[in-house]
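1. Everything below, folded, please.
(chains A, B, C and D)
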There are 2 protein chains.
Amino acid sequence: MANAQRKGPTPQVPIGSKVQSLRQEQGITLSDLGSRSGVSISTLSKIENGQTSPTFDTLNRLAAGLGVDLTALFHSEAPPSVNGRRAITFAGTGPRHRSGNYEYELLCADLAHRAFVPLLTTLHARSIEDFRKMANHAGEEFFYVLSGEVVLHTEHYAPAHMKAGDSSYFDSTMDHAVYSVSEEPAQILWIATKVSKALKDVVGR
Amino acid sequence: MANAQRKGPTPQVPIGSKVQSLRQEQGITLSDLGSRSGVSISTLSKIENGQTSPTFDTLNRLAAGLGVDLTALFHSEAPPSVNGRRAITFAGTGPRHRSGNYEYELLCADLAHRAFVPLLTTLHARSIEDFRKMANHAGEEFFYVLSGEVVLHTEHYAPAHMKAGDSSYFDSTMDHAVYSVSEEPAQILWIATKVSKALKDVVGR
DNA sequence: CGCTAAATTTTTCGATAAGGAAAATAGAAA
DNA sequence: TTTCTATTTTCCTTATCGAAAAATTTAGCG
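-> Below you'll find the predicted structure:
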C-alpha cells in the first residue's frame, strides 16, 4: 500500500496503534467496538492501520466506545517525562524574603517550574487589623502550624484558632489572612499552587 | 454499559469556540493561523463556527499552529475553579492509614479534587532493605522533616541524611524512598501531586 | 494432514462530508 | 462615500465513512 496522506509529512501521534492496543486490551473485536462506538468496522480497520485521518466526531465516538477519556487516545504508550530533579534545603539555609506581615524562607527554591511552592513562614501580624487588605488570588493553599498559635481568617468562614500540628487547606480565591496570637511569632509551613506577584519574582515560577 | 449512541447528536467538546478563543488570545487573524498551521482560512472559519468536524490531521496542525498541546484543544473553556472551600484538621484528628513502611495521617482529606495532597507521615522503615521496591510514579513531591532524622534515597543522587527542619522537593518519576535513622520513627510532612493507587481510594482523588 | 465452516479483518466502491481557492459579505478606518 | 482588512460563503476537488464483497485467520473434525 502506498503511503497515506499526500501532503507534507504530518507529524502526528500514532493514534491508530493506540486505538488498536486499547481495543485488544479489552479483548474485543472490530465488530464489537463498532457496535459500541457507532463507527463502522471498515472505518475502524482503516484507522487502526493508519489509512485514514478520523474526524473529531469519530474520535469522540471511539473514546466513548472504548470507555476512555478522549485525551487517552493521544497519550503516547510510554510515559514521556522522566525528569530527574531533586533539591534539598537544610534547616535555616533557604533564601529569606520579607513581604508585609509574612516573612518567608523559600524551600527548594532553586527548582523552577514546580507544581506547588513550599514556604517556611513566620507570621508577624498580631491581628486582622494589621492587614490593609486580605490576599485573594487563583489557586489552592495549605499550611501546617509548626509552632505558636495562629488565627486563620477566610471569607465565608468564622475565624479559626489553630495550634501547633493543626493544618488547613482552602481555595485561594477566598480572601484569606493568618496571624499569630502566641507570645512568639508563629511559624507555619505554607504550600501554595500560586504565589503573589510580589513573590513570583523571588521564587521564580 | 448499555449500547452506545447510534446516530444521535454526538456529544462533543465545543472545539470550535476553543480554537477561536485560543486564536483571539494571541491576537491573530484566521489568515495568520492559516499560514502558521497550514490549514486554509475557509476550513478554519468552518471549524470555529462548528460547521465541520475537523480530521485528526487538521487538529494536529491546528494545535501546532496555535503553539499548544493537542489536548489543550479539548479542555473546557472555564476551569472549574472551585471557590469557597476550606478544611481544617486539628492535630492528631485526621484519618490514619498504614501502607507498607509508611503510616499516614491524612490532612484535610474531606476536600476532593485538590491540587496536591498533604500527608503527615511516620516512617517505620529503618533501612533501604525494608523496601521491596522503591516508589516511582508521575508527579512531584515535597517533604519537610518535623522530627527525627531520615535518609532520602532517590535515583540519580547519593542518599541524603536529613534532620528536623530540612526539606526536599523532587520529581516522583525517579525511584524514591525515605526511612528513619533516629531512635524514634521520624515524622515528616509530605506533599504530593499524585498519590499511589493504593492511597487513591483512601484519599479520594 | 487436508478440508470446511465460522469468525475476524481488509478491501472495494458509492454517498457524503471535509478541505481549499476564490468570490462574496461584513466590518473598520479615513 | 471609498479603501482596506477580516470573515463567511460558494463551489469544486478530494478524502472520510459505511455497506457489502473479498481476503485472511481461526476453529473444528474426520
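2. Find the residue at the geometric middle of chain A.
-> In chain A, the centroid-proximal residue (Cα atoms, centre = their mean) is A:A115; its distance is 5.8 Å.
3. In terms of helix, strand or coil, where does that one fall?
-> Three-state call for A:A115 (DSSP: H, G, I helix; E, B strand; the rest coil): coil.
4. Pull the contacting residues for the nearest residue to A:A160 once chain neighbours are set aside.
-> Sequence neighbours aside, A:L152 is the residue nearest to A:A160 in space, at 4.7 Å (criterion: Cβ to Cβ, 6 or more residues apart in numbering or on different chains). Quick note: C-beta positions are derived from backbone N, CA and C, even for glycine. Counting by Cβ atoms under 8 Å, 6 or more residues apart in numbering or on different chains, A:L152 touches A:P159, A:A160, A:M162, A:S168, A:H176, A:A177, A:V178, B:I88.
5. Return the distance of A:L152 relative to B:N60.
-> Going from A:L152 to B:N60 by Cβ to Cβ, to the nearest Å gives 47 Å.
6. Kindly report the same for A:T55.
-> Counting by Cβ to Cβ, the separation of A:T55 from B:N60 is 13 Å.
7. Double-check that the residue nearest to A:A160 belongs to a helix.
-> No: A:L152: not assigned to a helix; according to three-state DSSP it is strand.
8. Can you check the pLDDT for it?
-> On pLDDT, A:L152 comes in at 95.
9. That one bridge partners, please.
-> A:A160, A:V178 (DSSP bridges).
10. Which other helices and strands does the helix or strand hosting A:S17 contact?
-> Element membership of A:S17, judged by DSSP states H and E, is helix A:15-25. Counting contacts by 3 or more Cβ pairs under 8 Å, 6 or more residues apart in numbering or on different chains; DSSP states H and E, helix A:15-25 packs against helix A:41-48, helix A:56-66.
11. run the last query once more with 10 Å
-> Applying 3 or more Cβ pairs under 10 Å, 6 or more residues apart in numbering or on different chains; DSSP states H and E, we find helix A:15-25 packed against helix A:30-37, helix A:41-48, helix A:56-66, helix B:56-66.
12. Could you break chain A into its assigned domains?
-> Per automatic domain parsing, the domain ranges recorded for chain A read A:15-78, A:96-197.
13. circling back: flag every buried residue along the helix holding A:S17.
-> For helix A:15-25, the neighbour count (16 or more other Cβ atoms under 10 Å in any protein chain shown) marks A:I15, A:G16, A:K18, A:V19, A:Q20, A:L22, A:R23 as buried.
14. what does that helix rub up against?
-> Residues from elsewhere that reach helix A:15-25 (Cβ atoms under 10 Å, 6 or more residues apart in numbering or on different chains): A:4, A:14, A:28-30, A:32-33, A:36-37, A:44-54, A:59, A:62-63, A:65-68, A:72-77, B:56, B:60.
15. picking that back up, tell me which of the helices and strands packed on helix A:15-25 approaches B:A125 most closely.
-> helix A:56-66 (40.1 Å; Cβ to Cβ).
16. quick check: angle from that closest one to helix B:56-66?
-> Interaxial angle, helix A:56-66 versus helix B:56-66 (axes from the mean of the first three to the mean of the last three Cα atoms, to 10 degrees): 110 degrees.
17. where does chain A have low pLDDT?
-> A:1-13, A:76-82, A:194-205 (pLDDT under 70).
18. Please repeat the previous calculation with a cut-off of 80.
-> Within chain A, the stretches with pLDDT under 80 are A:1-14, A:75-84, A:99, A:112-113, A:136-138, A:194-205.
19. Can you pull the residues of it lying near DNA strand C?
-> Contact residues (Cβ under 7 Å from any atom of the strand) of chain A with DNA strand C: A:1, A:7, A:29-31, A:41-42, A:45-46, A:48-49, A:51, A:55, A:57.
20. ok, so of these, who is nearest B:S172?
-> A:E48 (33.4 Å).
21. ok, the nearest residue to A:K133 once chain neighbours are set aside - contacts?
-> Spatial nearest neighbour of A:K133, excluding adjacent residues (Cβ to Cβ, 6+ apart): A:D175 at 8.0 Å. By Cβ under 10 Å, 6+ apart, the residues touching A:D175 are A:F131, A:K133, A:M134, A:A135, A:N136, A:H153, A:T154, A:E155, A:H156.
22. Return the closest of these with respect to DNA strand C.
-> A:N136 (34.5 Å; Cβ to the nearest atom of the strand).
23. Surely that closest one and A:S172 touch.
-> Yes: judged on Cβ atoms under 10 Å, A:N136 makes contact with A:S172 at a distance of 7.3 Å.
24. Compare the two and say which is more crowded by neighbours.
-> Neighbours per residue (other Cβ atoms under 10 Å in any protein chain shown) separate A:N136 from A:S172, with A:S172 holding more: 20 against 13.
25. can you tell me how far the closest residue to that one other than its chain neighbours sits from B:F56?
-> Using Cβ to Cβ, 6+ apart and skipping residues adjacent in sequence, the residue nearest A:S172 is A:G139, 4.5 Å away. Distance of A:G139 to B:F56, computed by Cβ to Cβ: 34 Å.
26. neighbour count winner among these two?
-> Just comparing A:G139 and B:F56: by other Cβ under 10 Å the higher neighbour count belongs to B:F56, 23 against 15.
27. Let me know the helix or strand that the closest residue to that one other than its chain neighbours is in.
-> Distance criterion Cβ to Cβ, 6+ apart; nearest residue to B:F56, sequence neighbours excluded, is A:S53 at 4.7 Å. Here A:S53, judged by DSSP H and E, is contained in no helix and no strand.
28. Just to check, A:S53 is in contact with B:S53?
-> No: with contact defined as Cβ under 10 Å, A:S53 does not count as touching B:S53 (11.6 Å).
29. hey, what's the spatially closest residue to A:R98 that is not a sequence neighbour bridged with?
-> Closest residue in space to A:R98, ignoring its immediate chain neighbours: A:Y104 at 7.6 Å, by Cβ to Cβ, 6+ apart. Taking DSSP bridges as the rule, A:Y104 bridges to A:H97, A:T121.
30. Assess the claim that A:Y104 and A:H97 are in contact.
-> Yes: assessed by Cβ under 10 Å, A:Y104 is found in contact with A:H97 at 4.8 Å.
31. Could you list the residues of chain A in contact with DNA strand D?
-> Residues of chain A found near DNA strand D (Cβ under 7 Å from any atom of the strand) are A:5-6, A:38-43, A:46-47, A:51-55, A:57-58.
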